[in-house]
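Q: sequence and predicted structure below; questions after.
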Amino acid sequence: MIGRHKHCIALADYSRAEILEVLDLAVSMKEVLQRPIKKVPSLRGKSVVNLFFEASTRTRSSFEIAAKVLSADALNWTSSSSSVTKGETLIDTARNLEAMRPDVLVIRHSAGGAPQLVAEHVGCAVVSAGDGAHEHPSQGLLDCFTLREKLGTLEGKTVAIVGDISHSRVARSDIHAMTKLGARVRLCGPPTMIPAGVEALGATVHYGLREAIEGADAVVMLRIQHERIGDPLIPGTREYSKLWGLNAKKAAEWLRPECVILHPGPINRGVELSPEVADGPQSVILDQVQNGVAVRMAILYLLAGGNPAESGEAKA
Amino acid sequence: MAEVLFIEGGRVIDPASGTDGVRTVVVRDGKIAEVAERLERPRDARVFDARGKWVTPGFIDLHVHLREPGQEYKETVATGARAAVAGGFTAVCAMPNTKPVNDNASVTELVLARAAAAGLARVYPVGAISKGSNGEELAEFGELLAAGCVALSDDGRPVLSSALMRRALEYAKAFGLPLTVHEEDLQLVGKGVMHEGAASTRLGLKGIPGAAEDVMVLRDIALAELTGGRLHIAHVSSQGAVRAVRAAKARGLAVTAEVTPHHLALTDEDVAASGYSTDYKMNPPLRSAEDVRACREGLADGTIDAIATDHAPHSAVEKDVEFDAALNGITGLETAFPVCLSLVRAGALPERRLVEALTIGPARAFGLAGGALAGGAPADVAVLDPVAEWTVDPARMYSKSRNTPWKGSRLTGRCVMTIVGGRIVHEEGRTER
C-alpha cells in the first residue's frame, strides 16, 4: 500500500504525504543501487509482470531492474507476443495473467484509463507505466525525486514544462506531483499543443519560451512525439526547434545558472534539445534514469508488500 | 380487459389542450372517449385509481436504436418496444442504422412487422438519407415513405457532403418528410472520445470540441434556409447549437430540435468522476456544465422541441473495454422520465414543459399522430408516479442491454401504466419481469 492506495495509477489521486512516502523510501533504494552487490531480498518470492501494450525500452527495463534488485521475479509480456493480435480483450488478458498469481501488474497502454480498467478486474496491485495521455506516475515521481535531490526541495520552486503538453502523460503526472509538493508549474509550447482547460490543474500557460524558463529552478523539456501527432499541430520541427527548442545560447542567456534541465527521454537531439544542452552541466537527464530505478523499487516494494524484516538494511 | 376504462383521480397533464388538473380519462373502444372532471361510471367499467399519479399522453421518442435487423443480441424491436412502454413511451422512431441499413422498403416492412407482432409501443421507422448511409447517393425517399417511414436520417454519422445534404433537404420536400440529422464535423472530431475541456485534459482522453457540432448545425440551418426543407437537429448538446436553433426559429425557419435526458443531466465531469466508465461514452459526448445549462434553457424556452432518448443499447462485448475502444451510446427508454423529472425538482424545467417535450412537442416536430389526450384520438396514455423511488438495476430492465450510467442510482419517478390504442401494455406489478 502507498498510503490509502493499493495501486499506483494516477498522481492526481495521491496526497502530498503519499508522494513523499514513495520519495523518502526511494532514497534508501537508491543507496542499494550504489552497492557493489545490487541485490536485496525484500521481494523474494514475489513476482512482477510487465504488461506492455506500447513500445517502451527504458520504462520497461527500469521496472524490470527494480524488481530484480529487490529479488522479485519479473516477467515481460509485450503486445507483439501476446494474444491481443488474436482479438483478446484487455480484461481477458489481465485476468489470464492474474491467474498466474503475480503480486504486481505493471501496465503500459495507449488508452487513457486502461490501468484503472485492469485494476477493477484483478486482485493484484496495478502500477501504470503510462496510459495514453493520462498519466505516467512513476515518471512524475522520479522527476520529483530528482528535483528534491538537486534543489533540496520543491517548495517554492518554479518548474517550466516545455513541449507537447496535449499528448504528454509525463506533463500531467509532473503537474499533479510538483504542485502538491509546493512548486509553481509553468507550461510552455505552441498553442496547438496546450490542452483545453489545463490551467485548472494549477499551472500557468506561456507561449513564449523565454517567459516560461526565465527565472525557473528547473526545466522539463518534452519530446516532440511525431508518432502521436495526428493533427497538423506544428508546421514542422524546424520552426519548433527555433522557437521552443533549447540550445546553448538560449540556456546561457535565459536560464539561471543553477537551473537544472530534465527530459523524460528519448531525446530528439536538435529538436527540443541541442546536444550541448542535453550533455551539458545543467542536464540531469541521466540522474533521472538512475533515480527511475530507485523510485520504481520503492513503488514495487510498497505495493507488493515487501517484508520489512528482510529489507531492514535497505530501509536503514 | 373491460370495454371501458376509467382512469380516475389522477392529475391530467395534457399540454396540447392546456389541461392540468384532476380529471377522469375515459377510454372506450381503443380511443379517448372523454376527459372530464366528474363522470358517471357505467357498472361494467374497469377503474384505475390514479390518485397521486400523473396522467399524460403517451410519450413519443423521436430517436431510438432498436438494433433489428442485424444486431439482435443488443436489442430487438420487441425488447425495445417493451422497454419503451415500461418507460411510458407509446411511440418510438427507430433509427435506420441497422444491419442492413433501413434504406429500402424491405427493411422498413420488417421493422413494422416485428413491431406489429410485439403489439407494444408504436414503432415508426426512420429511413436513411443516403443509400447504406454512406453519404454518397440519396436513398429512395418515395419508397421509404410508402413503406411507412416518418423521417429520414443517416444517424450515427453526419451527412458530410454539403451538396448531398442540400439535395436531400430539397428532394424530401416532395414527400413532406423531415430530415433528422446527426451533427458532427468528423475532421474536428478526429479521434476524440469525450468533450474537449478540463476533464478530457485531466483524463488524457482526446477531446471533441463543441464547435464540431456547431459548424454542422450552422451549415444545415443555412441549407434549410436555401431549400425550404424540414430540418430536425438530433441530440443537440452544445451551447452553440442551441443558439443556432434559437436564431433559426426566430427567423421563421422550419427547424426543430431534440435533446437527450443525459445531455440535460450529466456533464463531462461525470465521465471523470466515473473513472473512465464506458457507460458515460456517447456521441455527442457529455459536455460542459455551461452546455448543459444552455440545453436546459433551450428546452425550457421552446428552442428545443422534444426530449428524445437516443436509446442505444450495446452488449458487454462493446462496453467492457478501454474507453477509447468502447462504442458510443447508452440505453434511455426506462430512465428518461425520472432523469428529466429531476430537472423539474431542480427548478430547471416546469412540469408542463417536461410533459410537452415528451408528447405534443415530438409529435409536432415529425408530424406524428398522438401526443394529446383529445377526444376521439387513439388512446395512447401514460400514468406516472412522480414520487415513486426506485433503484436502477439493469438486470431487471426490459432492454436487452445494460449500458446505463444510472446503474445503481436511486431515481424518483416511474411509469406505472402504459396504454397503447386502448390496450394496457404495461402495468407495474402486473406484468412479467
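A: All right, it came through fine. Numbers count the residues shown, from 1 in each chain, chains lettered A, B, ... in the order given.
Q: make it CA atoms for all contacts and neighbour counts henceforth
A: Will do.
Q: which helix of chain B spans the most residues?
A: helix B:211-227 (DSSP state H).
Q: where does B:Pro42 land in three-state SS?
A: coil (DSSP: H, G, I helix; E, B strand; the rest coil).
Q: gap between it and B:Ala379?
A: 19 Å (C-alpha to C-alpha, to the nearest Å).
Q: the two - which one has more neighbours?
A: Neighbour comparison, B:Pro42 and B:Ala379: the larger count goes to B:Ala379, with 30 against 10 (by other C-alpha atoms under 10 Å in any protein chain shown).
Q: right, and the helix or strand after the strand or helix carrying A:Ser128?
A: Per DSSP states H and E: A:Ser128 is located in strand A:125-131. The helix or strand immediately downstream of strand A:125-131 is helix A:137-151, counting by DSSP H and E.
Q: what angle do that next one and strand A:125-131 make?
A: Between helix A:137-151 and strand A:125-131, the angle comes out at 80 degrees (axes from the mean of the first three to the mean of the last three C-alpha atoms, to 10 degrees).
Q: following element in sequence after the longest helix of chain B, please.
A: Following helix B:211-227 in sequence, per DSSP H and E, is strand B:231-233.
Q: who are the packing partners of that next one?
A: Applying 3 or more C-alpha pairs under 8 Å, 6 or more residues apart in numbering or on different chains; DSSP states H and E, one finds that strand B:231-233 contacts strand B:179-181, helix B:211-227, strand B:255-259.
Q: whatever helix or strand A:Leu97 lives in vs chain B: in contact?
A: A:Leu97 belongs to helix A:90-98 when assigned by DSSP H and E. Yes. If you take C-alpha under 8 Å from any C-alpha of the partner chain as the test, helix A:90-98 does meet chain B, through A:90-91.
Q: what's in contact with that helix?
A: Helix A:90-98 is contacted from outside by A:83-84, A:117-118, A:121-124, B:320-322, using C-alpha atoms under 8 Å, 6 or more residues apart in numbering or on different chains.
Q: what does chain B put close to chain A?
A: So far as C-alpha under 8 Å from any C-alpha goes, chain B lies against chain A at B:196-199, B:201-205, B:275-276, B:320-324.
Q: check contacts around the residue in the stretch 201-350 of chain B positioned nearest to chain A.
A: Here the stretch 201-350 of chain B gets closest to chain A at one residue, B:Gly204, 3.7 Å apart by C-alpha to the nearest C-alpha. Contact partners of B:Gly204, counting by C-alpha under 8 Å, 6+ apart, are A:112, A:132-135, A:167, A:169.
Q: for whichever residue of the stretch 101-250 of chain A sits closest to chain B, which non-adjacent residue is spatially closest?
A: Closest contact between the stretch 101-250 of chain A and chain B, by C-alpha to the nearest C-alpha, is at A:His134 (3.7 Å). In space, and not counting its chain neighbours, A:His134 is closest to B:Gly204: 3.7 Å by C-alpha to C-alpha, 6 or more residues apart in numbering or on different chains.
Q: the nearest residue to B:Thr19 once chain neighbours are set aside sits in which helix or strand?
A: Nearest non-adjacent residue to B:Thr19, counting by C-alpha to C-alpha, 6+ apart: B:Ile13, 5.7 Å away. Using DSSP H and E, B:Ile13 sits in strand B:4-14.
Q: show the average pLDDT along stretch B:297-311.
A: The average of the pLDDT scores along stretch B:297-311 is 98.
Q: returning to that earlier point: quick one: buried residues of the strand holding A:Ser128?
A: Buried residues in strand A:125-131, counted by 16 or more other C-alpha atoms under 10 Å in any protein chain shown: A:125-131.
Q: could you dump that strand to CSV, C-alpha only?
A: C-alpha atoms of strand A:125-131 as CSV (Å, rounded to 0.1, in the frame of the first residue of the first chain):
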residue,chain,number,x,y,z
ALA,A,125,-1.7,-4.4,-7.3
VAL,A,126,-1.6,-2.4,-10.6
VAL,A,127,1.1,0.1,-11.5
SER,A,128,0.7,2.3,-14.5
ALA,A,129,3.7,2.6,-16.7
GLY,A,130,1.9,5.2,-18.7
ASP,A,131,-1.6,5.2,-20.2
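Q: what helix or strand is B:Lys99 located in?
A: Per DSSP H and E, there is no helix or strand for B:Lys99.
Q: show the pLDDT at it.
A: For B:Lys99, the model assigns a pLDDT of 97.
Q: residue contacts, it?
A: Taking C-alpha under 8 Å, 6+ apart, one finds B:67-71 in contact with B:Lys99.
Q: from these, list just the buried residues.
A: Buried members of the contacts of B:Lys99, scored by 16+ other C-alpha under 10 Å, are B:67-69, B:71.
Q: JSON lines for the residues you listed, including secondary structure and pLDDT?
A: Below are the buried ones among the contacts of B:Lys99 laid out as JSON lines (DSSP: H, G, I helix; E, B strand; the rest coil; pLDDT from 0 to 100):
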{"residue": "B:Arg67", "secondary structure": "coil", "pLDDT": "98"}
{"residue": "B:Glu68", "secondary structure": "coil", "pLDDT": "97"}
{"residue": "B:Pro69", "secondary structure": "coil", "pLDDT": "98"}
{"residue": "B:Gln71", "secondary structure": "coil", "pLDDT": "98"}
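Q: strands of chain A, residue ranges please.
A: A:47-52, A:73-78, A:104-109, A:125-131, A:158-162, A:184-188, A:203-206, A:218-221, A:260-262 (DSSP state E).
Q: elements contacting the fifth one?
A: Helices and strands touching strand A:158-162, as assessed by 3+ C-alpha pairs under 8 Å, 6+ apart, comprise strand A:184-188, helix A:209-213, strand A:218-221.
Q: direction included, what does the last one pair against?
A: Same thing as strand A:218-221. Sheet pairing of strand A:218-221 (DSSP bridges) gives strand A:158-162 (parallel), strand A:260-262 (parallel).
Q: need the winner for burial among those strands.
A: Per-stretch averages of neighbours, counted by mean count of other C-alpha atoms under 10 Å in any protein chain shown, single out strand A:158-162 among those, with a mean of 28.
Q: can you give me how far that one is from the chain middle?
A: Remark: strand A:158-162 is offset 15 Å from the chain centroid, using C-alpha atoms, centre = their mean, to the nearest Å.
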